[in-house]
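*Asks:* what shape does this take:
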Amino acid sequence: MELLSIVLYAIGMALVIAEIVLPGVVLGIIGAGAAVAGIWLGFEANPALGIGELVAAVIFVPTAFWWGIRRMRLDKTIATEPPTEDLSKLVGKTGEVVHDLRPGGTIVIDGARYDAAATSGYLERGTKVSVVKAEGNKVFVRAV
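*Replies:* Presented below is the predicted three-dimensional model:
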């Protein structure tokens, strides 16, 4: 019974690690279930074993999740500051659609790419456009 408890606990913790590395739901649920079953069987076989597994889980699981979150480097991928470029200088300039505007897409003005939205309808790639308004990091355009 003790061996089964240890094996279930080890499998559960391995699946929790797999859940952190390969995000999903199934591995985490199965791993948590196996770990809880291992801890429960550990308490039935020998209370000291159950307490040891429980203490290890209380230390291991938060540490593993902290490591997993740090590994994802969310702080590096989320913009924390507004764009510094003033896009209002583009109002009145003309450019070309490089990714269809449905209504959002990308345009090129003087060799630089900008996120853009069509003021009305759908504009295909290659369409010449004029900037009519700028808000935040997006410009609004109409066909020329």
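*Asks:* alpha carbons only for contacts and neighbour counts from here, please
*Replies:* Will do.
*Asks:* show me what counts as buried in stretch 123-133.
*Replies:* 123, 127-133 (16 or more other Cα atoms under 10 Å).
*Asks:* what about the longest helix in the chain?
*Replies:* The longest helix of the chain (DSSP state H) is helix 47-72.
*Asks:* what residue spans form the domains of the protein?
*Replies:* Using automatic domain parsing, the domains assigned to the chain come out as 2-77, 87-143.
*Asks:* okay, and the residue nearest to Leu54 when sequence neighbours are not counted sits in which element?
*Replies:* The shortest distance from Leu54 to any non-neighbouring residue, by Cα to Cα, 6 or more residues apart in numbering, is to Ile39 (6.3 Å). Secondary-structure assignment from DSSP states H and E places Ile39 in helix 26-45.
*Asks:* what packs against that helix?
*Replies:* Judged by 3 or more Cα pairs under 8 Å, 6 or more residues apart in numbering; DSSP states H and E, helix 26-45 is in contact with helix 2-21, helix 47-72.
*Asks:* could I get the CA-only coordinates of the shortest one as PDB?
*Replies:* Listed next in PDB are the C-alpha coordinates belonging to helix 2-21 (Å, rounded to 0.1, in the frame of the first residue of the first chain):
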ATOM      1  CA  GLU A   2       2.900   2.400   0.800                       C
ATOM      2  CA  LEU A   3       4.500   1.600  -2.600                       C
ATOM      3  CA  LEU A   4       1.200   2.300  -4.400                       C
ATOM      4  CA  SER A   5       0.900   5.600  -2.500                       C
ATOM      5  CA  ILE A   6       4.400   6.700  -3.500                       C
ATOM      6  CA  VAL A   7       3.900   5.600  -7.100                       C
ATOM      7  CA  LEU A   8       0.600   7.500  -7.500                       C
ATOM      8  CA  TYR A   9       2.000  10.600  -5.800                       C
ATOM      9  CA  ALA A  10       5.100  10.500  -8.100                       C
ATOM     10  CA  ILE A  11       2.900  10.100 -11.200                       C
ATOM     11  CA  GLY A  12       0.700  12.900 -10.100                       C
ATOM     12  CA  MET A  13       3.600  15.300  -9.500                       C
ATOM     13  CA  ALA A  14       5.100  14.300 -12.900                       C
ATOM     14  CA  LEU A  15       1.800  15.100 -14.600                       C
ATOM     15  CA  VAL A  16       1.600  18.400 -12.800                       C
ATOM     16  CA  ILE A  17       5.000  19.300 -14.100                       C
ATOM     17  CA  ALA A  18       3.900  18.200 -17.600                       C
ATOM     18  CA  GLU A  19       0.800  20.500 -17.200                       C
ATOM     19  CA  ILE A  20       3.100  23.500 -16.500                       C
ATOM     20  CA  VAL A  21       5.400  22.700 -19.400                       C
END
